Every structure is written in C-alpha cells, then in structure tokens.
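Trainee: Have a look; sequence and predicted model below, questions after that.
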Amino acid sequence: MKKITVLPTREVMWANLLLMEKTDPNLARFKARRDDHPWRIKFYPLLLKHAGEELYAEGVVMMLQIAIADYEEIIKSPEFLRDAMHCHIPALIDAMVGDSDIAQDAKNFWQAVLVETAEVK
C-alpha cells in the first residue's frame, strides 16, 4: 500500500529550502545569493502554497514539475531553464518530504519519468 506524506508547514518548508541552498552541491552558487534571488521571491512561494498538503510520492514530483512550469511562465524563461531546474528535483524532494521512504519513492519515480521521457525524445 502506498504511503501518503503530509508536506511541512510553510515555516518548516521555508527553513528546509534555505538549508537546501547551503547543503546541496548543485546549489552551492546560492551561498552568495541575496534574499532577492528570483527563486526566493518567485519560485519558493509556488512551493509554499502546498504546505500541509497530503500527497503520494508521485504527487510530490508532479507538484514540483507544475511549480517549475509556473515559475518559467512567470519569469518568461527559455525552455533550457526547465532542464536546469529539473536537476534540482531530488534536493527539492528532500527539502519538502520528511519521510525518507516516501522521499526515496519520489526520487525513484522522478528517475523513471526521466527514463521514459528520454525514450520519447
């Protein structure tokens, strides 16, 4: 039976996202960023609106993909940015999912999505 995770409160999620910026090697460039970085102003709020939601692992991945697409639309970014942002999905999963088993299920699902979409291209 699949497990459901409850995403953390806005405050906890925000703290986890800021911690992710400091600890994830792919986000090391954030260390020198200011509070007015576009992710903090425009992307993180898209994630924070899901605080407290109950999701399956697959739902977490879908929510992140939708948030990335919404962010791209807001900032009118080129399509290559989506691919760049997608490399951060595992770290975002860790920041948003407290249950390590569900986090791993979400990362496994994300890898399956990558394999499936690579086969379609």
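Mentor: That came in fine, so what should we check first?
Trainee: Pull out the buried residues from the helix or strand of the chain with the lowest mean pLDDT.
Mentor: Least confident element among the helices and strands of the chain, by mean pLDDT, DSSP states H and E: helix 79-86 (a mean of 78). By 16 or more other Cβ atoms under 10 Å, the buried positions in helix 79-86 come out as 85, 86. Heads up, the C-betas are built off the backbone N, CA and C, glycines and all.
Trainee: ditto for stretch 4-19
Mentor: For stretch 4-19, using 16+ other Cβ under 10 Å, the buried residues are 5, 7, 8, 10, 13, 14, 16, 17.
Trainee: Where strands are concerned, which of the residues you listed count?
Mentor: residue 5 (DSSP state E).
Trainee: Output the buried residues of stretch 4-19 as TSV; include the columns distance to residue 73 and pLDDT.
Mentor: Output for those, formatted as TSV (distance: Cβ to Cβ, whole Å; pLDDT from 0 to 100):
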residue	distance to residue 73	pLDDT
5	27	95
7	22	97
8	26	97
10	22	97
13	22	97
14	22	96
16	25	96
17	20	94
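Trainee: Please state the backbone phi and psi of residue 54?
Mentor: phi -100, psi 120 (degrees, to the nearest 10).
Trainee: can you list the residues that contact the least confident helix or strand of the chain?
Mentor: 65, 68, 69, 71, 72, 114 (Cβ atoms under 8 Å, 6 or more residues apart in numbering).
Trainee: Name the member of those that has the highest neighbour count.
Mentor: Using other Cβ atoms under 10 Å as the neighbour criterion, residue 68 leads the contacts of helix 79-86 with 23 neighbours.
Trainee: roughly how far apart are that residue and residue 8?
Mentor: Separation of residue 68 from residue 8 (Cβ to Cβ, to the nearest Å): 19 Å.
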